[in-house]
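Asks: Pasting the sequence and the predicted coordinates here, then a few questions.
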Amino acid sequence: MYPLAAKLSILFLLGLACLNAASEQPNIVLIMADDHGRWATGTYGDSRIRTPNMDQLAAEGVRFDAAISPAPVCSPSRASFFTGRIPSQHGVHDFLSEDEPFDKKGRLDGETLLSEKLKKAGYKTGLFGKWHADGEGWKPVRGFDKWLSYDLRAMDWITQYAHSGTVHYSVDGEAVSKTGMQAWFLTESALEFIDSAEGAPFFTCLTYVEPHFPFEGLPERTVSYYRDFASELLPYGDNSWTNRSNKKTGDTPQHEEWVAQYLAAVTLLDEQIGRLQDGLQARGLLENTIIIYVSDHGHMTGQYGLYGKANGSLPLNLTEETLSIPLIISGPREWIRPAQVRSEFVNLCDLHETIVDLAGSDETPKGPGKALTPLLQGERVREWRQRQFAEYGNARMISDGRWKLVRYYAEDPASAPVDHWFDLSNPRKERVPSIGPHQEAKEDFVSQLETYFTRWEEPGKSGRQVWSLPRFNAGEPWTKEPLPISSN
């Protein structure tokens, strides 16, 4: 028998050990897909979609069923994630071209990036893959200890999206070319970075280009599997009330092939999750690592007869398919209660604040994002938001899950905006606008939309001033006078 004093000492030491384990900073691995619509996973959609690793993450962690992008186009959504602020705060409203005269440097100057916050909190930070939140992506971005992105000085913009073949990279500013499956190279590079952390907590940001266009170059065995039922899983949709803004057509053979290639890219991503988990397990790091899977925004793959994202139609759209994203967070029980499905309205700004909170940073939020940590721990949060908000250029959106309002503003502030209402409970969903809810509900929606953006937008960066901002690319879709569309 141990003396009482010895027993108390042992209990005290055990208590300290538990406290230290719970308070230790977790490693954080963020996996961000490009153009991955929420529907295109096994756990969210059809079980025939082969995503076993995503499905396992969801089963063992937290799956968010109502996550959206604050702006369903690459650059503004990524800028919102890395700053925690909406486009009308940081000023990036469309995809950024790195060609003259559109490669405006320093669009995010003055913003404190997520990488800077985590580095200040003691993390070793690395980015592997697509940046596209500011100009000149070949230059390492502040706050990252390791930088592996694309060198667009050596290739045209579309080559960075090659799923296989030769891609030119920038590794800490130095030119490097690699041939093979791009996703495999990025995963291997991330694991090498993790090895270099040498005991420090790490933030590994893996930003794959899958399943972004082009719909080619994926493993044939996987593409062949999806060809057998692609059109059944996702039939080509009826034409919407919008016009296509690109030349992608919807003939049946092409649609079937594109869906098969798109889903094969998703499965390739899923395989990388498995490789990362195996690598972390082999290094003894999995038990103290939080893994996050998310996309920058969604994608239309034939729905409503459209392909692409918000700029895949004219007028530009804010459909559920372009806004809705998968968001899965899994990790140790000290931080995450497993096997949860959450229905709260969340977005990429919330994810920014969540990572900051998990890292133990004391940075104060400067945007509308709210840390998801109470939800991860299984709490019921009564004061959570009851509306979703998003924007793209001169268009803004509010939704309560049933009714959606998309408001288009004119360049002239004296001109009345054009409102389009959609009833998401209607089987037609957003194929054509609706007459909307009763008048009192309409007024409430409009009031909340205007209040939200008035609170957060900053002068000189607001989407309502998009015409006076420096151009983002050669094909911006802003219309000076949005035309009303007749409702059916």
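Replies: Alright, I've got the coordinates.

Asks: And the strand or helix carrying Ala264, what does it pack against?
Replies: In this assignment (DSSP states H and E), Ala264 forms part of helix 252-282. If contacts are counted by 3 or more C-beta pairs under 8 Å, 6 or more residues apart in numbering; DSSP states H and E, helix 252-282 sits against strand 27-33, helix 52-60, helix 182-196, helix 220-227, helix 230-233, strand 289-295, strand 300-301. Yep, even glycine has a C-beta here, placed from its N, CA and C like the rest.

Asks: nearest to Thr41, of these?
Replies: Across the helices and strands packed on helix 252-282, Thr41 has its closest neighbour in helix 52-60 (5.5 Å, C-beta to C-beta).

Asks: any chance of the helices and strands packed on helix 252-282 in TSV, with mean neighbour count, distance to Asp145 and mean pLDDT too?
Replies: Below are the helices and strands packed on helix 252-282 laid out as TSV (neighbours: other C-beta atoms under 10 Å; distance: least, C-beta to C-beta, whole Å; pLDDT from 0 to 100):
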stretch	mean neighbour count	distance to Asp145	mean pLDDT
strand 27-33	24	14	99
helix 52-60	20	26	98
helix 182-196	19	8	98
helix 220-227	16	34	98
helix 230-233	17	42	92
strand 289-295	24	17	99
strand 300-301	24	37	92
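
Asks: how about the ones you listed in JSON lines, adding distance to Arg153?
Replies: Listed next are the helices and strands packed on helix 252-282 as JSON lines, based on distance: least, C-beta to C-beta, whole Å:
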{"stretch": "strand 27-33", "distance to Arg153": "24"}
{"stretch": "helix 52-60", "distance to Arg153": "35"}
{"stretch": "helix 182-196", "distance to Arg153": "18"}
{"stretch": "helix 220-227", "distance to Arg153": "32"}
{"stretch": "helix 230-233", "distance to Arg153": "37"}
{"stretch": "strand 289-295", "distance to Arg153": "27"}
{"stretch": "strand 300-301", "distance to Arg153": "32"}
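
Asks: of all those, which lies closest to Ala310?
Replies: Using C-beta to C-beta, the nearest of the helices and strands packed on helix 252-282 to Ala310 is strand 300-301, at 9.2 Å.

Asks: Show me the strands paired with that closest one, marking each as parallel or antiparallel.
Replies: In the sheet, strand 300-301 lines up against strand 307-308 (antiparallel) (DSSP bridges).

Asks: Determine how far the last residue of stretch 36-53 lies from the first.
Replies: 15 Å (C-alpha to C-alpha, to the nearest Å).

Asks: Actually, stretch 388-404.
Replies: Stretch 388-404: ends 9 Å apart by C-alpha to C-alpha.

Asks: Quick check: mean pLDDT of it?
Replies: With pLDDT averaged residue by residue, stretch 388-404 scores 98.

Asks: now do stretch 441-455
Replies: The average pLDDT within stretch 441-455 is 98.

Asks: Leaving out sequence neighbours, find the closest residue to His255.
Replies: Tyr236 (4.6 Å; C-beta to C-beta, 6 or more residues apart in numbering).

Asks: Three-state assignment for the one you found, please.
Replies: Assigned with DSSP: H, G, I helix; E, B strand; the rest coil, Tyr236 falls in the coil class.

Asks: surely Phe193 meets Gly126?
Replies: Yes. If you go by C-beta atoms under 8 Å, Phe193 and Gly126 touch, sitting 4.4 Å apart.

Asks: Touching both of the two, which residues are there?
Replies: Applying C-beta atoms under 8 Å, 6 or more residues apart in numbering, one finds that Phe193 and Gly126 are jointly contacted by Lys146, Phe202, Thr204.
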